[in-house]
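Sequence first, then the predicted structure, then my questions.
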Amino acid sequence: MRMTVGTVMPWPLWRLLSWADPELAHPWYMFVRFMIYLALNNQQNWNMSLSNTDAMEKAYTEHYALVRKLVPKEQLLELELGGGDEWERLCGFLEKDVPVGLNGQVKQYPRVNDKGFFIAFRKRMLWRAGMWAAQKVLGYGALCGLVVAAGAWCYSVGKSR
């Protein structure tokens with residue numbers, strides 16, 4: 001968990017990105033804040049952040065302990081990824097056939113939400129939000145510049161009369 005949380009940039013900066021990119025960063029930021037709130041059993045402040053890794057790690061381990069306590073062992077599969085036997089264990093648990101490709105070989109187990117994907121996604125989001133923030137700042141800066149220029153022009157025209 002500590003290997004992905006906050007690896008791209010510190011959590012407090014995500015609030016700024018949330019403002020800068022309302023289409024992608026803001027919904028993600030609000031989703032993560034809500035998940036933190038739920039993960040900590042609503043005991044913490046709504047503004048709790050991923051920067052508090054001790055609290056997040058505690059909530060993570062408590063959640064898994066609760067699942068292990070509530071779900072009967074014969075109905076629970078804890079699948080460690082990266083061992084190479086994921087399909088066999090998952091399909092055996094579900095009593096299904098292992099997926100085979102057209103060439104007759106076992107299909108590779110999908111790896112779409114691993115550490116590398118997560119970090120790359122956050123870097124793309126950071127880049128995109130940075131571009132949006134630059135456009136906003138430049139746009140607001142240009143607007144303020146025009147207002148100041150118009151005010152200066154009006155002042156100079158009024159003074160010359």
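Right, received. Where do you want to start?

Endpoint to endpoint, stretch 65-80 covers what distance?
Terminal residues of stretch 65-80 are spaced 16 Å apart (CA to CA, to the nearest Å).

Distance from the chain centre to the helix or strand containing residue 59, please.
Per DSSP states H and E: residue 59 is located in helix 53-70. Centroid separation for helix 53-70 versus its chain: 20 Å, with CA atoms, centre = their mean, to the nearest Å.

what comes up buried for that helix?
55, 56, 59 (16 or more other CB atoms under 10 Å). (C-beta placed from N, C-alpha, C; glycine too.)

Nearest residue to the middle of this protein?
Among the residues of the chain, the one closest to the centroid is residue 28, at 5.5 Å (CA atoms, centre = their mean).

pretty sure that one contacts residue 125?
Yes. Using CB atoms under 8 Å, residue 28 makes contact with residue 125 at a distance of 6.8 Å.

and residue 83, which of the three is it?
coil (DSSP: H, G, I helix; E, B strand; the rest coil).

now swap in residue 96 and tell me
Following three-state DSSP, residue 96 is assigned to coil.

quick one: contacts for it?
If you count contacts by CB atoms under 8 Å, 6 or more residues apart in numbering, residue 96 has none.
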